[in-house]
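Q: attaching a predicted model along with its sequence, questions to come.
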Number of protein chains: 2
Amino acid sequence: MDRENLSDLTISRLPAYLYYLFNARKSGLTHSSATAMASVLGIHMTQIRRDLALTGVTGKPKIGHPIDETIESIQKFLGWDRKRDAFLVGAGNLGSALTGYADLYTTGITIVSLFDDNPMKIGSMVNGVPVFDITELSFAARRLNPEIGIITTPREAAQSTCDSLVACGIRAIWNFTPAILEAGPEIIIENVSIASSLAVLTRKILVQGNGIPFRQPREGAEEQ
Amino acid sequence: MDRENLSDLTISRLPAYLYYLFNARKSGLTHSSATAMASVLGIHMTQIRRDLALTGVTGKPKIGHPIDETIESIQKFLGWDRKRDAFLVGAGNLGSALTGYADLYTTGITIVSLFDDNPMKIGSMVNGVPVFDITELSFAARRLNPEIGIITTPREAAQSTCDSLVACGIRAIWNFTPAILEAGPEIIIENVSIASSLAVLTRKILVQGNGIPFRQPREGAEEQ
């Protein structure tokens, strides 16, 4: 149970609670019931209660969870109550999109510098963030000491970029490429896999198109 | 076991196998061993064998999995052997990034039209894809009959965009916003949650920074 509670899956549900609670607070509420959350988020209320309890808050019967305290508790649990600087390598469309990602500020992360090898991009600003020559990465890292390295390069450049970021002392990599990155066990690598997400989407289309309900597949349905 | 095999988690591992096999084929191999895949992908070989068996191929002892057949089998299982058209709403940085996403072609999906409400963007081309006025969505959908709707709007516009896409007859939504979308049970919604991914990343940084190995958390570590 403890093990299950602390899985990536549990942690990945917490931002949805947080955004829900931000909205609830904006509309003037002080407490939030797991039942109401369950109906909006499509997550079972037992699960919601268990997830929130993990961060350290428990609701009261008929009153619910105190919103301010729960927000603070989730933020603390996720480490979103701290400021962290990030370097981003690969100032293409996706990299630019991330510098403009409005919800990034709720996570405490600031993209302080972009890096690219394209002379057309170097020296420019993207959403107020300067683009530096990739050869300046190590110098900039010594000066700014970023905690997180974000990789939005083409797939072929991802591993060498990861190696460079790790060599600069960065210990947490956020990888947006489909490359499977190799790094020492002390390095945290988190992948945003667009291909994996598409795999789930198209598989569901396929299964649903065959008239098989995709949530409870029939035995043997896979062999056809 | 069948149930576990068919989880989204299993499906999400398949693209990594596919890209590995593409590379192996390029380097002239005809067969691939689960042991070699395991060491590169960091996934246990028993898991790899089970996942691949699910798509319909089994390896032979000492020879491994036949590469051509396995690639075809994964593609068929994921529905990546079929062509599908997609509409994308929200022609900002992220939307533009997706039209230029080089690995999209391996999935069979083509983004055929972009839609936006910004007059500066309407009428332009992004990576060869035309940007139309969002008010033309329904007309364009009747003409082009897309299977997939991609949402890369700001969070506030996500639900109304989803409603419009569903009203056009689109049954599969690929949502890149942090909004929790509501739609009928017949609609497939797949979310790429950047916030969830960041939650996992920052939590790991936090736990590792506290000297607690993040993969096997200590009991009570959460209460501090």
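A: Sure, I can see it. Numbers count the residues shown, from 1 in each chain, chains lettered A, B, ... in the order given.

Q: so what does the helix or strand where A:Leu21 lies touch, helix or strand wise?
A: Secondary structure assignment for A:Leu21, by DSSP states H and E: helix A:8-26. Helices and strands touching helix A:8-26, as assessed by 3 or more CB pairs under 8 Å, 6 or more residues apart in numbering or on different chains; DSSP states H and E, comprise strand A:31-32, helix A:34-41, helix A:45-55, helix A:67-78, helix B:194-209. For glycine as for every other residue, the C-beta is placed from the backbone atoms N, C-alpha and C.

Q: buried residues in it, which are they?
A: Of all the residues in helix A:8-26, those buried under the rule 16 or more other CB atoms under 10 Å in any protein chain shown are A:10-21, A:24.

Q: export it as CSV, just CAs?
A: Presented in CSV, the C-alpha positions along helix A:8-26 are these (Å, rounded to 0.1, in the frame of the first residue of the first chain):
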residue,chain,number,x,y,z
ASP,A,8,4.7,7.8,-10.2
LEU,A,9,1.0,7.3,-11.0
THR,A,10,-0.1,8.6,-7.6
ILE,A,11,2.2,11.6,-7.9
SER,A,12,1.0,12.3,-11.4
ARG,A,13,-2.6,12.8,-10.1
LEU,A,14,-1.6,15.5,-7.6
PRO,A,15,-1.4,18.4,-10.1
ALA,A,16,-5.0,17.9,-11.1
TYR,A,17,-6.1,18.2,-7.5
LEU,A,18,-4.0,21.3,-7.2
TYR,A,19,-5.5,23.0,-10.2
TYR,A,20,-9.0,22.0,-9.0
LEU,A,21,-8.3,23.5,-5.6
PHE,A,22,-6.9,26.7,-7.1
ASN,A,23,-10.2,27.1,-9.0
ALA,A,24,-12.3,26.3,-5.9
ARG,A,25,-10.4,28.9,-3.8
LYS,A,26,-10.9,31.5,-6.6
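
Q: so who does A:Arg203 touch?
A: Applying CB atoms under 8 Å, 6 or more residues apart in numbering or on different chains to A:Arg203 gives the contacts A:214, B:11, B:77-79.

Q: burial count for the residue lying closest to A:His65 once chain neighbours are set aside?
A: Leaving aside its sequence neighbours, A:His65 sits nearest to A:Gly59 (CB to CB, 6 or more residues apart in numbering or on different chains; 4.1 Å). Counted with other CB atoms under 10 Å in any protein chain shown, the neighbours of A:Gly59 add up to 20.

Q: do the same with A:Pro61
A: Neighbour count for A:Pro61, taken as other CB under 10 Å: 6.

Q: what's the answer for A:Gly128, then?
A: Neighbourhood size, A:Gly128 [other CB under 10 Å]: 8.

Q: ok, now which ones touch it?
A: By CB under 8 Å, 6+ apart, A:Gly128 lies in contact with A:Thr99.

Q: what pLDDT does it get?
A: Model confidence at A:Gly128, given as pLDDT, is 94.

Q: mind checking how far it is from B:Glu156?
A: Between A:Gly128 and B:Glu156 the computed distance is 22 Å (CB to CB, to the nearest Å).

Q: still on that earlier bit, how far off helix A:45-55 does the helix holding A:Leu21 point, in degrees?
A: Between helix A:8-26 and helix A:45-55, the angle comes out at 90 degrees (axes from the mean of the first three to the mean of the last three CA atoms, to 10 degrees).

Q: pull the contacting residues for the residue nearest to A:His65.
A: A:Gly59 is in contact with A:31, A:33-34, A:49, A:52, A:65, counting by CB under 8 Å, 6+ apart.

Q: got it, and A:Ile63?
A: A:His31.

Q: where's it relative to chain B, distance?
A: 22 Å (CB to the nearest CB, to the nearest Å).

Q: tell me the spacing between that residue and A:His31.
A: From A:Ile63 to A:His31 the distance is 5 Å (CB to CB).

Q: just the buried residues of the lengthiest strand in chain A, please?
A: In chain A, assigned by DSSP state E, the strand with the most residues is strand A:109-116. Buried residues in strand A:109-116, counted by 16+ other CB under 10 Å: A:109, A:111-116.

Q: could you pick out which of the residues you listed are near chain B?
A: Of the residues in the buried residues of strand A:109-116, proximity to chain B by CB under 8 Å from any CB of the partner chain holds for A:Ile109.

Q: want to throw the buried residues of strand A:109-116 into JSON lines with distance to B:Leu144?
A: JSON lines is the format used below for the buried residues of strand A:109-116 (distance: CB to CB, whole Å):
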{"residue": "A:Ile109", "distance to B:Leu144": "38"}
{"residue": "A:Ile111", "distance to B:Leu144": "36"}
{"residue": "A:Val112", "distance to B:Leu144": "42"}
{"residue": "A:Ser113", "distance to B:Leu144": "41"}
{"residue": "A:Leu114", "distance to B:Leu144": "36"}
{"residue": "A:Phe115", "distance to B:Leu144": "39"}
{"residue": "A:Asp116", "distance to B:Leu144": "35"}
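
Q: and the two most separated of the contacts of A:Gly59?
A: For the contacts of A:Gly59, the maximum inter-member distance is 13.8 Å, found between A:His31 and A:Arg49 (CB to CB).

Q: and the contacts of stretch A:88-98?
A: Taking CB under 8 Å, 6+ apart as the rule, stretch A:88-98 contacts A:99, A:104, A:111, A:113-116, A:118, A:121, A:126-127, A:129, A:131, A:134, A:137, A:149-154, A:157, A:161, A:164-165, A:176, B:92-94, B:96-97, B:100.

Q: from the residues you listed, list the buried ones, please.
A: A:99, A:104, A:111, A:113-116, A:121, A:126, A:129, A:131, A:134, A:137, A:149-153, A:157, A:161, A:164-165, A:176, B:92-94, B:96-97.

Q: show me the residues you listed that map onto helices.
A: Using DSSP state H, the members of the buried ones among the contacts of stretch A:88-98 that fall in helices are A:99, A:137, A:157, A:161, A:164-165, B:93-94, B:96-97.
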